[in-house]
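**Q** Sequence and predicted model, in that order:
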2 protein chains.
Amino acid sequence: MDTSIKDHEIFSPDAVVGAFVNPASVAVIGASSDARRIGGRPIAWMRKAGYKGMVYPINPNRDEIQGYTCYPNVAALPQVPEAAIIALPFKHVAPALTELGEKGTKAVIIFSAGFAEVDENGAQAQAELVAIAREYGMRLIGPNSVGVYNASIGWYGSFAGAFESGWPLAGNIGIVSQSGAFGSHLVTLARNSGLGMPLGLMTGNEADLSVGELIGWLAHHDPVKVIAVYLEGIKDGASLVAGLKAARDAGKPVIVMKVGRSEVGSEAAQSHTASIAGDDAVFSTVLAECGALRAYSAQELLDMAHVASHGIFPQDNTLGVISISGGAGILISDAAADHGMEMPPLPQNTQEELREILPFAACRNPVDCTAHIINEPGLLSKFLSGMMRGGNYGSVICFFAQSAASPGFDTVLRDEILAMRRQYPQSLFALVATVPRESADRYEAGGVPVFDDPTRAVTAMAAISRYRSLMPKAGASALLAGGETVSLPAQATSEAEAKRILADYGLPIVQERTCNTPDDAVAAAESLGFPVVMKILSPDILHKSEIGGVILNVRTAAEARQAFETLLERARQSAPAARIEGVLVAQQIENGIECIAGITQDPIFGPVAMFGLGGIYTEILNDVVLRRCPFDEQQALAMIRSIKAKAILEGARGRPPADIEAAAQLLSRLSKFAVSAGKQLKSLDLNPVALLPKGKGAVILDAIIEVSE
Amino acid sequence: MDTSIKDHEIFSPDAVVGAFVNPASVAVIGASSDARRIGGRPIAWMRKAGYKGMVYPINPNRDEIQGYTCYPNVAALPQVPEAAIIALPFKHVAPALTELGEKGTKAVIIFSAGFAEVDENGAQAQAELVAIAREYGMRLIGPNSVGVYNASIGWYGSFAGAFESGWPLAGNIGIVSQSGAFGSHLVTLARNSGLGMPLGLMTGNEADLSVGELIGWLAHHDPVKVIAVYLEGIKDGASLVAGLKAARDAGKPVIVMKVGRSEVGSEAAQSHTASIAGDDAVFSTVLAECGALRAYSAQELLDMAHVASHGIFPQDNTLGVISISGGAGILISDAAADHGMEMPPLPQNTQEELREILPFAACRNPVDCTAHIINEPGLLSKFLSGMMRGGNYGSVICFFAQSAASPGFDTVLRDEILAMRRQYPQSLFALVATVPRESADRYEAGGVPVFDDPTRAVTAMAAISRYRSLMPKAGASALLAGGETVSLPAQATSEAEAKRILADYGLPIVQERTCNTPDDAVAAAESLGFPVVMKILSPDILHKSEIGGVILNVRTAAEARQAFETLLERARQSAPAARIEGVLVAQQIENGIECIAGITQDPIFGPVAMFGLGGIYTEILNDVVLRRCPFDEQQALAMIRSIKAKAILEGARGRPPADIEAAAQLLSRLSKFAVSAGKQLKSLDLNPVALLPKGKGAVILDAIIEVSE
């Protein structure tokens, strides 16, 4: 059931979405005088927050609501409201929406619940809302949304509980959340931790506007520089990908928290959002592909947004640490290792310089200038500048604990760190300390985030340090799988047919022949060259080796003749009903590393390619890598290099290095095949692929294609 | 260089350690009028905090310091101070300590630095301090310690920066920290987060009193119920184990954060603490063995201590979740899976009961009672009691975000949760919400910890839920490896000798004979039964298979004769200088699973046993399990069952289940062998051990013993 509006040609979506964020006027349908009710809250908040636009309460039973003139219905309004809120019981929503359509309002937020989140009737009612919106060229947020807010203009088209305790702070972080309750919690946490998140869009059921479209819109909305996203399920993979890529191209980091990773969580998510959680590993690879960062807790999401809000994205993932506590330096080193940050030591001469300044200091990295620095704050600038000159670190953590609040030392420390930050504008500096709010604010104003927990600082900085590495490499080829088409048979394919289809698409298949007589087999083996592998060929026998249907090491004509008979005999005995299409005689490939590659259809993101080493590496280690199709050879190469066992491909244990380039070529080509084949391709399994030594290529030895029937 | 005092018979350590925590009088040697100096800070703080004991500043240049009468030296004091602080420059420390010894003071805190943390001279000076202490029966904390505090009596024998911004809060958490700077940071963070940590001991260089001894002392100190520990290196493994076990036996959870896990961190730790970081995996297993919990960040340490401070340790690791946000329920489910908490669904009838109360609610677990509950708070008690009646969860998380502060709803929610907590005193309840401090305090007073981040709540609760499972099982045998002795040869052993030593200790060795002639070999093979394995036997050939020195599948007398000659010939060619002790003829064991077992000497904790499956499982997967020796068969069984690949032992892939009991018996016996052999045993490697099908035993096929020379 696809209830979303795909056909936006009627009007510029930007202008309409803009009305959700910055409306000049708003009608509240179902307005209430009671500021605790959902039809009363937005009015009370807009009034209190000084919203300058026109507020039009609509309620047939009132003349005035909370000081605003109240209207009996939409038609009676003196002007067309740019935006509207519907806070009516379920059954009144559709008529109100029609009224708004007639009036000419284009941006409608629907608070009301009882739609697709409840049952099939609700889903039908929701589809009806979409049909009305489409008819009048309206866009919808919701239903079942707690609304949107833009604190910079006092616009609270929302009944989220977050605003009961205060307004969001000024800043450059925007949030898009599917959940109202959890989104509201995030907004509260952000304010409580001093984080500026003045713009929020809670999408609810996403009948129309999706998280992806809103991310895409924020990509072009100047005041927002960092986009925090909370997801429970994905309704539309394509719009999410488009939105994330738009934000990436605009240089705005998107930090995504998606729940439902675990079995219990995923079950709960499916019953809660009525959408499929999807494969979490696929989701992670799609985020990386689109240059988005992933957070795994509310705290991580906010910490990462906090660091990102300073707009500094280091060129590499190196970390320098300066501390007054050896222990903190060690702890930070451990956390850096956990998060894949590198901590190169300072050059020897820098270490010696620093040791001359302070003989007891540890000067390698982490640098421990000891509590002595508090008595001689003049040494600080020497330490900081020595570290940056010598190490030129992408990120720097300064651990000064409570001494950063120590009278006399506090201002010297702040001046020095802020000066260094100005001198090295490409590097990300953070302070870990317990300082009063106003001191923290000054660091923050100077571009230096402040944390009190060192591990939190590392976790967030490590993520932000990865941001640049996710940007597309210069020269990455534009990928258009179009033009080529693949036609798959309507039903299950035999091995030989699958291989023929793949070979036709230019994929490297082992040389082989289908043979119907012992003489054919001998001729084939002699033409391919001994030794050969011989296999029974039947669409009805999927697991050939279980019935002894594969014979290796056939070395002579006599053996080939014998093997032909043996295979037929085994098939007759084990699978008397199977249709036998002959015997496959294939080159026996030696010195190859067994790999597997394949395609699955993700319900959200379409065809996804998989690569791994065979056997225990996939079955027990689960050491496989995934990527959404299509992708080019460079991207395939990066994929292959990201498996844990890549040392085996690079020549560990005395083996020659494998032809990784050939594997990348195969994999990229396979990804384009998957796109060309379309949804009819249910799955594709190449197991094994023999990866030969460098320069010798890669060869597909076996292939299974499943088609959707 | 062992500078610690081991010989404590002279006096009761408890009484002296008590003087560090609760002294009736204190001398401050090197006292200063300047409250910013280390000799001035403790005096200023004790004065300000209302310490009731006598304070005796000692400084030859003053008559009065900060309002207290000042004395020129220790001898001039009107009484023997129970405790003393030495805050003098390096070279004056030893004379001052002697003066204190002469006077009769037994508890001395040494702030002064420049000792073992600096260089070899410092280490010698530190050894001298220990000698003085031993002579006079004194105990030392430090040197290079920021001191100790006991906020409940205003005792601040410390110059830690933490107290510049306020006093620790009342509570039942004590902290023992090696680091002064980081310990002080933890104390500050605890106070800032509302956590009561009124007692702290910062050990510095641990010339005498170690972290382990202080944990052991706190185990018997009533006001402390939870012990937080920060470690950088371990000077004395035995005292740490004893301290942890004392706390375990006293029912007080110990939560340990140890840094130096990573390569960079471990290097930094070794240069910082002049002690060996040790193997981190061994450290983790020792903690588990001693019933201690491990934290990996400052925040985790404090969060775990926070939850533990309520004294509720669930019987199991089940988690029930009730929330007003479906998303939060999903997020919590994900975090629970990450941390190994189980979330069993509510029974069907309970689900139906709840659904009748509120049709839109999700009632499985996580339970989502939706924001509707705020409008109908009367339903809360039905939901909570239904959940507990139906699920009887060990832990319960209640996610109510900002609605827990919503006027009208807030008090109902608190009353209901606290009532449920009283009704189920064995279960651990936590609230996740953003509430004002005073509301949080009321929850906390009622035994319900409050978090604002759901993932942090799960992380801490999961750890505390594990606490009971670490307690020794009833009937666990007391382990005394004493009585038996093992004498190892002075030099490297041959395979046959190693096996003989192990067989003498009762370990199951494959049946085999050493043969010196082809006839011997034939006779041996016939007596053992064909097929046999034959190997060259030489103390100079460690890697036999590399020279073709192992022949498998010897099936007849003629083959045995031939194999004998072949082995000697290969040895002559490949290793002409090797001493040949003959040829080993051994039973060929079939149907065994290859395992490896071994012993290494941990520099801190002594002999450590290792077990794993062989080959790729150890080499690539690193799927091995460790345990400090000795241990009994039950503990060995638990060890074996904790490997990731245990499914293979239990009969995966169509194999018969392996004789895990026999492996446990072997491993436990091996652990006692290691203790009996003592430090002379450098390492022991049983590779492979053949683990036969259930009931058939385990057999050691090869053994290498390395001895310390």
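**A** Perfect, I can see it now.
**Q** Next, give phi and psi for the nearest residue to residue A:593 once chain neighbours are set aside.
**A** Nearest residue to residue A:593, sequence neighbours excluded (C-beta to C-beta, 6 or more residues apart in numbering or on different chains): residue A:691, at 4.6 Å. C-beta coordinates here come from the backbone N, C-alpha and C atoms, glycine included. The phi/psi pair for residue A:691 (degrees, to the nearest 10) reads phi -100, psi 110.
**Q** I figured residue A:691 was touching residue A:592, is that so?
**A** Yes: using C-beta atoms under 8 Å, residue A:691 makes contact with residue A:592 at a distance of 5.8 Å.
**Q** who's more crowded, these two?
**A** residue A:691 (27 against 20; other C-beta atoms under 10 Å in any protein chain shown).
**Q** and that one, what is it in contact with?
**A** Neighbouring residues of residue A:691 by C-beta atoms under 8 Å, 6 or more residues apart in numbering or on different chains: A:592, A:593, A:594, A:595, A:649, A:658, A:659, A:660, A:662, A:663, A:698.
**Q** what about it, distance to residue A:658?
**A** 5 Å (C-beta to C-beta, to the nearest Å).
**Q** hey, what's in contact with both of these two?
**A** A:593, A:649.
**Q** does the residue nearest to residue A:589 when sequence neighbours are not counted have beta-bridge partners, and which?
**A** Spatial nearest neighbour of residue A:589, excluding adjacent residues (C-beta to C-beta, 6+ apart): residue A:690 at 4.4 Å. Beta-bridge pairing for residue A:690 (DSSP bridges): residue A:594, residue A:699.
**Q** And the pLDDT for residue A:690?
**A** With respect to pLDDT, residue A:690 scores 94.
**Q** Repeat that for residue A:497.
**A** The model's pLDDT for residue A:497 equals 87.
**Q** ditto for residue A:622
**A** The model's pLDDT for residue A:622 equals 79.
**Q** quick one, phi/psi of it?
**A** Residue A:622 adopts backbone torsions of phi 50, psi 40, taken as degrees, to the nearest 10.
**Q** The closest residue to chain B within the stretch 351-500 of chain A is in what secondary structure piece?
**A** Closest residue of the stretch 351-500 of chain A to chain B, C-beta to the nearest C-beta: residue A:455 (3.6 Å). According to DSSP states H and E, residue A:455 maps onto helix A:454-466.
**Q** Could you give the separation of the next helix-or-strand element following that helix from the chain centroid?
**A** Next helix or strand after helix A:454-466 toward the C-terminus (DSSP H and E): helix A:495-504. Relative to its chain's centre, helix A:495-504 lies at 34 Å (C-alpha atoms, centre = their mean, to the nearest Å).
**Q** just stretch A:496-516 next, same as before
**A** For stretch A:496-516, the distance to the chain centre is 36 Å (C-alpha atoms, centre = their mean).
**Q** Now for the residue sitting nearest the centre point of chain A: which residues touch it?
**A** For chain A, the residue nearest the mean C-alpha position is residue A:287 (2.2 Å; C-alpha atoms, centre = their mean). Residues near residue A:287 by C-beta under 8 Å, 6+ apart: A:244, A:256, A:293, A:294.
**Q** Phi and psi next, for the third one.
**A** By that I understand residue A:293. Residue torsions, per degrees, to the nearest 10, at residue A:293 are phi -100, psi 150.
**Q** so what's it up against?
**A** A:253, A:254, A:255, A:256, A:287, A:304, A:463, A:464, A:466, A:467, A:470.
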